[in-house]
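In: requesting a structural model of the entry that follows:
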Amino acid sequence: MAKQPRSLTGKVVAITGGARGIGRATAAALVRKGAKVAIGDLDVDLAERTAAELGGDTVALPLDVTDRESFEHFLDETERRLGPLDVLVNNAGIMQLGHFVDESDAVSARQIDINVHGVVYGSKLALQRFLPRRTGHLINIASTAGKAGVPGGATYSATKHAVVGLTEAIRGEIRDSGVETSVVMPVPVNTELAAGLVRGRGLTATVEPEQVADAIVEALEHPRHDVFVPKAISVGVRFSALLPRRLAEAIGRSAKTDRILAEADLSARAAYEERAAASEPSREREHAAG
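Out: Residues are numbered from 1 along each chain as shown. Okay, the predicted model is just below:
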């Protein structure tokens with residue numbers, strides 16, 4: 001007999017980068033399940049509009065994931081307003097593309113700061129709350145780029161490998177603690193982040209943010225660590241890991257996975273790249289004022 005799904009009614013969920021894209025879709029899916037959601041985002045105005053549109057007990061809070069104090073304040077305020085934290089979804093992240101050798105150090109550092117340090121801070125702060133209670137669920141959003149390096153997005157791939165490895169290590173350290181972990185690994189998602197990307201074939205085509213949100217909800221209702229979106233991509237990822245490198249790379253080229261980021265239309269990505277470049281608080285203020 002299949003296990004009954006865990007109820008999410010009344011659960012307190014904090015989502016980073018929750019004002020748009022995967023974060024917004026996840027917040028909407030959880031609100032429909034009866035959860036109480038806190039949206040954390042650098043763009044506070046957009047977060048407030050999103051929270052108002054989603055309704056329920058949704059709240060919008062300022063958050064800079066690269067600042068530990070900001071992250072701690074976000075979780076403290078979430079608990080003050082909604083109750084003890086049950087779930088943290090580390091979703092905030094950016095992807096800036098280009099040939100690695102031409103990438104500025106500032107672009108590399110920005111991706112590492114948001115995609116890695118932000119997840120490290122959030123994971124530590126959430127676990128400090130979860131472990132004494134022996135309950136909670138940490139969900140870190142990675143990518144299939146966290147399982148294989150993708151040309152054109154070397155630093156991005158590195159950050160997502162870091163998220164996968166971090167979450168696996170945490171899982172080992174907290175085994176039998178009562179706290180759950182999940183790492184979510186979607187193919188490119190049809191959000192602003194994926195603007196201008198070359199479309200892959202078959203299972204490497206893009207998915208919708210709602211599909212990722214549904215997978216996150218399912219992982220909360222039926223806990224599992226590895227969450228691939230779509231599910232079927234897990235077979236290809238695991239099979240590829242068993243193949244000789246040259247054969248695996250040849251299969252990837254036939255599916256155009258080596259072109260997805262490397263041949264992206266940078267003009268179509270201009271608006272996103274500009275926003276990603278403004279993802280530091282000081283730059284965000286300058287961008288808003290300009």
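In: contact partners for Ser108?
Out: Ser108 makes contacts with Thr155, as judged by C-beta atoms under 8 Å, 6 or more residues apart in numbering. For the C-beta atoms, the positions are set from N, CA and C on the backbone; glycine is no exception.
In: now it: which helix or strand?
Out: Using DSSP states H and E, Ser108 sits in helix 105-112.
In: which residues belonging to that helix are considered buried?
Out: 107-108, 110-112 (16 or more other C-beta atoms under 10 Å).
In: same check, this time on stretch 233-245
Out: For stretch 233-245, by 16+ other C-beta under 10 Å, it's 233-234, 236-237, 240.
In: please enumerate the helices of this protein.
Out: For the chain, the helices defined by DSSP state H cover 21-32, 44-54, 68-82, 105-112, 118-133, 154-173, 209-221, 233-242, 245-254, 270-277, 281-289.
In: closest one to Asn140 among those?
Out: Nearest to Asn140 among those is helix 154-173; the distance by C-beta to C-beta comes to 4.7 Å.
In: centre of the chain to that closest one, how far?
Out: 12 Å (C-alpha atoms, centre = their mean, to the nearest Å).
In: repeat for stretch 10-20
Out: Worked out by C-alpha atoms, centre = their mean, stretch 10-20 lies 12 Å from the chain centre.
In: span of that stretch from start to end?
Out: Stretch 10-20 stretches 23 Å from its first residue to its last (C-alpha to C-alpha, to the nearest Å).
In: can you give me the buried ones in it?
Out: Those would be 11-20, for stretch 10-20 by 16+ other C-beta under 10 Å.
In: Leu220: neighbour count?
Out: 26 (other C-beta atoms under 10 Å).
In: scratch that, Gly122 is what I was asking about
Out: 27.
In: quick one: contacts for it?
Out: Neighbours of Gly122 in contact, by C-beta under 8 Å, 6+ apart: 16, 65, 71, 88, 90.
In: switch the cut-off to 6 Å
Out: For Gly122, the contact set (C-beta atoms under 6 Å, 6 or more residues apart in numbering) comprises 71, 88, 90.
In: okay, now the unreliable bits of the stretch 1-150 of the chain?
Out: 1-2 (pLDDT under 70).
In: what is the neighbour count of the residue nearest to Gly56 when sequence neighbours are not counted?
Out: Distances taken as C-beta to C-beta, 6 or more residues apart in numbering put Val31 closest to Gly56, at 4.5 Å, once the chain neighbours are dropped. Counted with other C-beta under 10 Å, residues neighbouring Val31 total 19.
In: pretty sure Val31 contacts Val59?
Out: No. If you go by C-beta atoms under 6 Å, Val31 and Val59 don't touch, sitting 11.4 Å apart.
In: wait, Thr144 sits on Val187?
Out: Yes. Counting by C-beta under 6 Å, Thr144 does reach Val187; the two are 5.4 Å apart.
In: can you pull the pLDDT of Gly200?
Out: For Gly200, the pLDDT comes out at 66.
In: what do you get for Glu263?
Out: 85.
In: how near is it to Lys256?
Out: Relative to Lys256, Glu263 is positioned 9 Å away (criterion: C-beta to C-beta, to the nearest Å).
In: skipping adjacent residues, who's closest to Thr66 in space?
Out: Asp113 (4.6 Å).
In: for Phe74, see how far away the one you found is.
Out: Applying C-beta to C-beta, the value for Asp113 to Phe74 is 16 Å.
In: got a list of what Val189 touches?
Out: Going by C-beta under 6 Å, 6+ apart, Val189 touches 207, 209, 212.
In: distance check, it against Gly21.
Out: From Val189 over to Gly21 (counting by C-beta to C-beta), the distance is 7 Å.
In: overlap of the contact sets of these two?
Out: Pro209.
In: what pLDDT does Ser234 get?
Out: Residue-level pLDDT assigned to Ser234 equals 88.
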